[in-house]
Each structure stands twice: as C-alpha cells, then as structure tokens.
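# No letters, just coordinates:
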C-alpha cells in the first residue's frame, strides 16, 4: 500500500512568487492535513481537510491556503512568498477521526 | 503558548541500554498522545500512541507511559540500537483533528 506522496520534493522560489504543493493521501484516507516544520518553530499545524471541507485551521496568515479534491488529493498554496516561508511542508493523512496520522516525506521549500 | 514541551533537546545513550525520552503537556483536553520518529529530510514516522484513559502502552522495544496527574509522558526504548538515532517528537491530540507537537529530542545511540 503506497504511503502519503508529496510533490515536488524540493523547490526554490523567489520572494513575492507563489507556490503550490501537492499531496496524495494513502488510499482510502479521507482526512488530509498540512504541517510546516522550521528549525525555530518545530512542527506547526496549517490546516485539515475532510471530504473537501476545511475543518480546522492553524494560526497562519491568509497567504497560506489549501483545498481538497473529490479523490481526497490535496494542494496547498502560499502566495507572496517571504523568506520566512522557507521550511519543510508536510502532508499527513488518516482514515478518519481517531485514527493514526501518517506523514509524507515532505516538500522542501526554499525562498530566496 | 507551548502546549507540548520536550525539555531535553538531545540525549545520548549506549547501544543496548535504555533510552528515556520525556514530554510534558499543559492542555488537559488532549485525549490522545503520539510519538513520532524523524530522520533528516524525511517525514515523521509513527511509532506508538496512547489514549488518555491508559497509563501504559507497549509495542516491541517501545513503551509509552502516561502520568495524567503530572501531565507527563515518556517513551522508553529497550534495548537501544544505533538505528534508533533520530529526532523524536511527542504530540497531543484533543479532538480538533490537529496534532500539537513538541520541539523534539535528538537521540543518539552510540555503538
């Protein structure tokens, strides 16, 4: 059974640009969540989607957005990139509430 | 407001000995706790979890203990192996569909 798949794995963007990251959850998993990992702040929750609806959102500015498609695949978008957005962005999926959360390998974003 | 704290940034143990990683939390609403292991440039890998109604859960070499009155949990790895060297994160979940992570403890197991 394939795990959580994230693309691209690595990317470099310039300040002011926007970026879209993609996530394919484990087959059958309907909940997808996104986390940001930085050296200073650790792992922080961005948002969670279930059946195409955002159920929960972390404390991030509106430049961070996401969506989920009918096949449970998810994308997150960051607009007007800032240097501080450089981080590892992790996608995670779970079958449903109360089930274990499984993470993908992450997308490394560098903003220059 | 750090709801989950891992006060030891690093821990070094000898192969074959016990590794004890500690975690404290402040949010009484957490009803589930999880431990993840993370290698550089990879996503976190689920290790073991414990429900707040239990005080111990064991899976092979890994045991998690929960002390609700002290709001403290610990992960025991026995015996420790060099392949266990990684960063370990504890996380709490309280029905909001999100995990709140500690900042991690880097474990080094020396051969």
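It's in. Predicted, not measured: the structure shown is a model, and the values here were computed from it.
# do you know how far the closest residue to residue A:24 other than its chain neighbours is from residue B:83?
Distances taken as Cβ to Cβ, 6 or more residues apart in numbering or on different chains place residue A:5 nearest to residue A:24, at 4.4 Å, with adjacent residues excluded. Bear in mind the C-beta positions are built from the backbone N, C-alpha and C, glycine included. For residue A:5, the distance to residue B:83 (Cβ to Cβ, to the nearest Å) stands at 25 Å.
# Would you mind confirming that residue A:36 makes contact with residue A:89?
Yes. With contact defined as Cβ atoms under 8 Å, residue A:36 reaches residue A:89; the gap is 5.8 Å.
# Mind giving me the packing neighbours of the lowest-mean-pLDDT helix or strand in chain B?
One helix or strand of chain B scores below all others by mean pLDDT, DSSP states H and E: strand B:99-101, with a mean of 92. If you count contacts as 3 or more Cβ pairs under 8 Å, 6 or more residues apart in numbering or on different chains; DSSP states H and E, strand B:99-101 packs onto strand A:31-38, strand A:42-50, strand B:86-93.
# Pull up the pairing partners for that strand, direction included.
When sheet partners are counted by DSSP bridges, strand B:99-101 sits next to strand B:86-93 (antiparallel).
# Which strand residues bridge the most centrally placed residue in chain A?
Centre of chain A computed as the mean C-alpha position; nearest residue by Cα atoms, centre = their mean is residue A:34, 3.4 Å away. Note on residue A:34: beta-bridge partners residue A:47, residue A:91, judged by DSSP bridges.
# Also residue A:22?
residue A:7, residue A:75.
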